[in-house]
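S.K.: Predicted model, plus sequence, below.
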Amino acid sequence: MPWTRMLTSGKYQGLYRDANGKEQSAGTYTQEAEAKREAGAREKEQRGATPMDIEGAKIQWGAWFELWHSSRLLAYATDSLYQSIAANHVLPDWETTRLMDIKTLPLQQWVSRMRKARKSPYLIRAALMLMKTSLNAAVYHGRLTTSPAAKVPYPDLPQGSERYLTPDEVEALAFQMDGLNSTILWTAVETGMRFGEISGLHWNRVDFSRRVIRVADQYDQKACVIKAAPKDKEARTVPMTPDLAALLANLKSATSPTRRKFCGVPHEAGHCGGDLVFRGAREAPVTSKEWGRGVFAKALARAEIEGRVRPHDLRHTFASWCLQQGVHLAELAEVMGHSKIEVTMKYAHLSSQSIDTVRDALSSHRRTASRTADRGSTALHDASSSPDEQAG
Ligand SMILES: [Zn+2]
């Protein structure tokens, strides 16, 4: 049962016991009845009442996020990314604030604090977008009349060639594509594979039982041959999310009647292990040039996504999502197949790790790299880099 205590100020403090029996304050109020009512509401919340029980705008943002987010139909990657953005960048500030108490000025101050903490503008954008979307949903469901976040501006993104898509943007793009092309899109975003590696992907490299893809071939769209990927480096293995595995399994069964024994594209080295996973127009391998100007450009226009976005930016998007979810730069370097850590370093500003953690992770990676380097100079001190690698 909730109770109250009169303070020396003459105000009343509402009190209740939490699930562990610990005394908790529900705040101070001028009216005793109000203090008791609030304490009662908090107590009920603590005892496992579902958030739906809490009426309208009195629900706390954290509970609203749970409720609203769980009702969204999102791809696995999108869902887990939002969970992580919420946990790291939104919940620490807003978890216990009731929807009715969220105001424009504190939201603007929250954005300023993130900028002062030197969080990446991409990350701030993602956190603010999550807040805006959640409050729009609260308006839609009649919990709020207007969104206090509507007028809070997004931070400017740095000028440059790199563009990172948000999960909502990728969902919107996928929605504008057919099954084959949205599978290409998700493969790019969820594995970070280079486009040539996606074009040159053979079915025998997709391991459904271990849920991994072996990246060992790449299609060279200029020479029209399959090369060992990437160039002279070792092949790598990338994980498949359950959603991506399901998409690829669907594609595999849909294409089984026409699947060939070999891909028919000349292999520069090694031998062909089966048919290609993706084929574009006239059964030819899908190229970034053709796909980028065709299917991808059309979907971008229909989804009303602004700015110049190239297929290669899907790889950047993968990197940014991984880092926002707390993947270390050294691990990212491995999954992305970067032979030089400097290439991965350019994503460092997206990482939520402290600069010290990043430095430690990188120096341990560097030690491993120099131990395993079989050439004279270690990867780190080798200044030369191929154009493809420069592009990340
Ligand atoms: Zn082949």
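M.R.: Nice, thanks for sending it over.
S.K.: For the stretch 51-200 of the chain, just list every one of the helices.
M.R.: Ranges of helices within the stretch 51-200 of the chain are 61-71, 76-85, 91-94, 104-116, 121-140, 167-175, 179-191, 195-199, based on DSSP state H, counting those that start in this stretch.
S.K.: Give me whichever of those is most buried.
M.R.: helix 195-199 (a mean of 25; mean count of other C-beta atoms under 10 Å). Yep, even glycine has a C-beta here, placed from its N, CA and C like the rest.
S.K.: Point out the other helices and strands that that helix packs with.
M.R.: For helix 195-199, the contact count by 3 or more C-beta pairs under 8 Å, 6 or more residues apart in numbering; DSSP states H and E identifies helix 179-191, strand 217-220, helix 288-291 as packing neighbours.
S.K.: show me where pLDDT drops low in the stretch 51-200 of the chain?
M.R.: By pLDDT under 70, the low-scoring segments of the stretch 51-200 of the chain are 51-54, 72-78, 157-162.
S.K.: and the stretch 251-392 of the chain, which of its residues are near the ion?
M.R.: Within the stretch 251-392 of the chain, the positions near the ion by C-beta under 5 Å from the ion are 263, 272.
S.K.: let's see 6 Å
M.R.: 262, 263, 265, 267, 272 (C-beta under 6 Å from the ion).
S.K.: could you redo these as TSV and give each row neighbour count?
M.R.: Compiled in TSV, these are given as follows (neighbours: other C-beta atoms under 10 Å):
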residue	neighbour count
262	13
263	22
265	18
267	17
272	18
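S.K.: Could you export the helices of the stretch 51-200 of the chain as CSV, including distance to the ion?
M.R.: As requested, the helices of the stretch 51-200 of the chain are exported to CSV (distance: least, C-beta to the ion, whole Å):
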stretch, distance to the ion
helix 61-71, 42
helix 76-85, 28
helix 91-94, 48
helix 104-116, 47
helix 121-140, 37
helix 167-175, 27
helix 179-191, 17
helix 195-199, 11
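S.K.: could you redo these as JSON lines and give each row distance to residue 32?
M.R.: Output for the helices of the stretch 51-200 of the chain, formatted as JSON lines (distance: least, C-beta to C-beta, whole Å):
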{"stretch": "helix 61-71", "distance to residue 32": "26"}
{"stretch": "helix 76-85", "distance to residue 32": "40"}
{"stretch": "helix 91-94", "distance to residue 32": "29"}
{"stretch": "helix 104-116", "distance to residue 32": "29"}
{"stretch": "helix 121-140", "distance to residue 32": "30"}
{"stretch": "helix 167-175", "distance to residue 32": "46"}
{"stretch": "helix 179-191", "distance to residue 32": "56"}
{"stretch": "helix 195-199", "distance to residue 32": "66"}
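S.K.: Residue 25 and residue 55, how far apart?
M.R.: Note on residue 25: its distance to residue 55, by C-beta to C-beta, to the nearest Å, is 22 Å.
S.K.: and the two? which has more neighbours close in?
M.R.: Ranked by neighbour count (other C-beta atoms under 10 Å), residue 25 and residue 55 place residue 25 first, with 14 against 9.
S.K.: Give the helix, strand or coil label for the more buried one.
M.R.: strand (DSSP: H, G, I helix; E, B strand; the rest coil).
S.K.: surely it meets residue 15?
M.R.: Yes. Using C-beta atoms under 8 Å, residue 25 makes contact with residue 15 at a distance of 6.0 Å.
S.K.: Need the distance between the two termini of stretch 169-182.
M.R.: For stretch 169-182, the first-to-last residue distance is 13 Å (C-alpha to C-alpha, to the nearest Å).
S.K.: Need the residues that contact that stretch.
M.R.: Stretch 169-182 is contacted from outside by 74-75, 78, 165, 185-186, 189, 247, 250-251, 254, 278, 291, 295-296, 298-300, 302-305, 317, using C-beta atoms under 8 Å, 6 or more residues apart in numbering.
S.K.: ChimeraX command for the buried members of these?
M.R.: Selection of buried members from those for ChimeraX, criterion 16 or more other C-beta atoms under 10 Å:
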select :74,75,78,165,185,186,189,247,251,278,291,295,296,299,300,303,305,317
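S.K.: now residue 116: how far from residue 154?
M.R.: On the measure of C-beta to C-beta, residue 116 and residue 154 end up 17 Å apart.
S.K.: so what's the spatially most central residue of the chain closest to, chain neighbours aside?
M.R.: Centroid-nearest residue in the chain: residue 321, 3.4 Å away (criterion: C-alpha atoms, centre = their mean). The shortest distance from residue 321 to any non-neighbouring residue, by C-beta to C-beta, 6 or more residues apart in numbering, is to residue 81 (5.3 Å).
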